[in-house]
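**Student:** below is the sequence, then the predicted model.
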Amino acid sequence: MESLIRVETHDALALIALCRPEKRNALTPEMLEQLRQHLQSLAKNPTVHVLILYGEGPGFCAGADVALLERARELRDFQTFAQAEDLLQECVKLLATSPKITMAAMHGFVLGSGLDLALACDLRVAAAGTQMAASNVRLGLVPDGGATWALPRLIGLGPAMAMLLSGEPVEAEGAYRLGLIHKRVHAGKHLQEAAAWGHELARGSWAAHVAIKRLARVDPRLTLEAALKEEREAQKRLFEDGWAPQTPGRTPS
């Protein structure tokens with residue numbers, strides 16, 4: 001099977017590359033299946049603490065492979081379309097719920113399903129000139145990897161609606177002002193800067209990072225009282241476990 005996803009580990013970091021540059025890293029079912037398998041494996045790796053997703057070639061990801069979409073549409077083959085959709089959603093959930101810190105290192109274009117994958121990550125770094133767009137609407141489709149949920153939560157309903165309804169791209173500077181990305185860096189430095197940040201984060205408390213991810217991802221409809229209770233219980237577990245930064249080489253359960 002052709003390798004469409006490449007993974008390299010460097011100490012506590014795992015670099016996950018989308019490897020279809022000749023097609024602008026457009027996502028296929030095979031590509032998503034490989035990504036799913038790697039994410040599942042890395043979630044269990046006790047020495048890895050930070051996962052960095054990036055794209056080879058001219059950009060991060062151009063979204064779903066349009067040729068495959070058009071073929072499924074012509075044949076009215078929604079089942080094949082739905083199978084790819086299921087894989088995308090599994091990858092989104094794995095990135096969002098991974099016990100590791102997940103980070104998207106972006107450049108060039110981040111479109112459609114590629115945006116879904118980036119939004120599922122905990123953190124986002126973008127090179128100057130990066131363009132992010134919920135471009136599904138321009139194909140007569142809706143986002144199906146969580147963008148309609150994530151964008152309003154990240155940047156507010158007004159800006160999210162503008163992105164979702166128009167499909168127009170937002171460049172790195174504007175995305176930073178909106179809070180869509182956490183760091184904007186010089187062109188060509190996205191992976192280097194993401195890795196440096198990842199190494200810095202990996203020196204922190206692994207157990208606390210896991211607990212923070214769980215708390216931040218809870219249902220936003222929870223009352224303040226319920227959220228405070230969740231935080232108290234997490235703090236108690238950390239305190240009883242020793243409260244010290246986690247030693248690299250051991251992932252908290």
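**Tutor:** Structure received.

**Student:** quick one: contacts for the most centrally placed residue in the chain?
**Tutor:** Nearest to the mean C-alpha position of the chain, by Cα atoms, centre = their mean, lies residue 121 at 2.9 Å. Listed by Cβ atoms under 8 Å, 6 or more residues apart in numbering, the contact set of residue 121 reads 53, 95-96, 102-104. C-beta: built from backbone N, CA, C; applies to glycine.

**Student:** again, only using 6 Å
**Tutor:** Residues counted as contacts of residue 121 (Cβ atoms under 6 Å, 6 or more residues apart in numbering) are 95, 102-104.

**Student:** can you check residue 170 too?
**Tutor:** By Cβ under 6 Å, 6+ apart, the contact list for residue 170 reads residue 132.

**Student:** beta-bridge partners for it, please?
**Tutor:** Under the criterion DSSP bridges, residue 170 forms beta bridges with residue 132.

**Student:** related to what we said a few turns ago, now the two most distant members of the contacts of residue 121.
**Tutor:** Maximum pairwise distance among the contacts of residue 121 (Cβ to Cβ): 9.7 Å, between 95 and 103.

**Student:** model confidence for residue 248, exactly?
**Tutor:** pLDDT for residue 248: 43.

**Student:** one more: the one 3 residues further on?
**Tutor:** At residue 251 the predicted local confidence, pLDDT, stands at 43.

**Student:** just residue 136 next, same as before
**Tutor:** At residue 136, pLDDT is 92.

**Student:** for residue 218, same thing?
**Tutor:** pLDDT recorded at residue 218 is 70.

**Student:** from residue 3, how far out is residue 201?
**Tutor:** To residue 3, residue 201 is 28 Å away according to Cβ to Cβ, to the nearest Å.

**Student:** shouldn't residue 191 be in contact with residue 105?
**Tutor:** Yes: with contacts counted by Cβ atoms under 6 Å, residue 191 reaches residue 105, the gap being 4.8 Å.
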